Every structure is written in C-alpha cells, then in structure tokens.
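1. Need a 3D model of the following:
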Amino acid sequence: MARSLSRFALLFGVIALALAGCGESRAEKAKAEVCKSRTEIHKQVEALEALTLSPSSISTAQSSFQKIEAELEKIKKEAPKLEGTTKTEAEEATSTFKSQISSIASSLTSNFNLATAETQFKSALEQLVKSYKQTLEKVSC
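-> Okay, here's the model as predicted:
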C-alpha cells in the first residue's frame, strides 16, 4: 500500500512538472504583447504613409497617432518583462521612436504654412516611416 502510494505521489509530481512546463513564461507573454503592439503600430504607420492631404486627413492622422501612442505605452509596460537583447531593443526602440514622433509633430505644428502644407505633411509622414524602420521594425519578434 505504501509502495503504491509513493508511486502515485511520484507520478503526480511528474505530471505536475510537465504541466507547469507547458505554460508561457512571463518573458514569452511580454514578447507576444510587444510583437502584437509592434504589428499594430506598423499598420498605423502604413495607413499614415498612404494618407493624402484632405479635410478628413487631419482627424485620420490624429486617430492613427493616438493608436500609435497607446501601443507604445503597452510596449513600454511590457519591455521590462523581456529578457536579454529583446528587452534592450524594445526599450531603446520605444524611447527613440516616441521622441522622434514628438519631434515630427512639433515641427509640423510650429512651422505650419498653409502654402506648403502638403509638402510638410508628406515630409512628416516620410520621417515617421523612416523612424519606424530604424527603431521598432528592428525589434525581433
């Protein structure tokens, strides 16, 4: 009886260990969230890149920038949970991309000229795409 009980305990322990190994680690969950956010930011960057200047483009651009900002906050929240170079990549890319977005937005609003609005708008979007490619796109997923 004691022998079968110890076998049962051993079998139960092995099963418990096996099941524990099946779950995602904290770092894996964080990486999945970072990658999900990066994908959403990529979609928003592509949408902005395709945007042409029109009366509705300002509200469309604002909406995209708000979505980008929200996703950057998610990445910022999850990045400390990552491991190794992925953690460093995500933290640096998020910080750099966020500051570049602020710079682009600032240049658009401070130097706005109605006569050259379309050129300024296109230039800002090109800078945004370039910034994304140099920062967040490089985060490994």
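2. Quick check: phi and psi at the spatially closest residue to residue 89 that is not a sequence neighbour.
-> Using Cβ to Cβ, 6 or more residues apart in numbering and skipping residues adjacent in sequence, the residue nearest residue 89 is residue 139, 4.8 Å away. (C-beta placed from N, C-alpha, C; glycine too.) Comment: the main-chain dihedrals of residue 139 come out as phi -70, psi 120, following degrees, to the nearest 10.
3. now do residue 140
-> As for residue 140, its main-chain torsions (degrees, to the nearest 10) stand at phi -70, psi 130.
4. contacting residues around it?
-> With contact set as Cβ atoms under 8 Å, 6 or more residues apart in numbering, residue 140 has these partners: 85, 86, 89.
5. please redo it, this time with the cut-off set to 7 Å
-> Going by Cβ atoms under 7 Å, 6 or more residues apart in numbering, residue 140 touches 86, 89.
6. if we can go back for a sec, tell me how many other residues crowd the residue nearest to residue 89.
-> Using other Cβ atoms under 10 Å, the number of residues around residue 139 comes to 24.
7. do residue 43 as well
-> The number of residues packed near residue 43 is 14, by other Cβ under 10 Å.
8. now do residue 101
-> Number of residues near residue 101 (other Cβ under 10 Å) recorded here: 19.
9. Name the helix or strand of this structure that has the lowest mean pLDDT.
-> Of all helical and strand segments in the chain, the minimum by mean pLDDT, DSSP states H and E falls on helix 2-22, at a mean of 50.
10. Where does the closest residue to residue 98 other than its chain neighbours sit: helix, strand or coil?
-> Nearest residue to residue 98 in three dimensions, chain neighbours excluded: residue 72, at 5.5 Å (Cβ to Cβ, 6+ apart). When the structure is reduced to helix, strand and coil (DSSP: H, G, I helix; E, B strand; the rest coil), residue 72 reads as helix.
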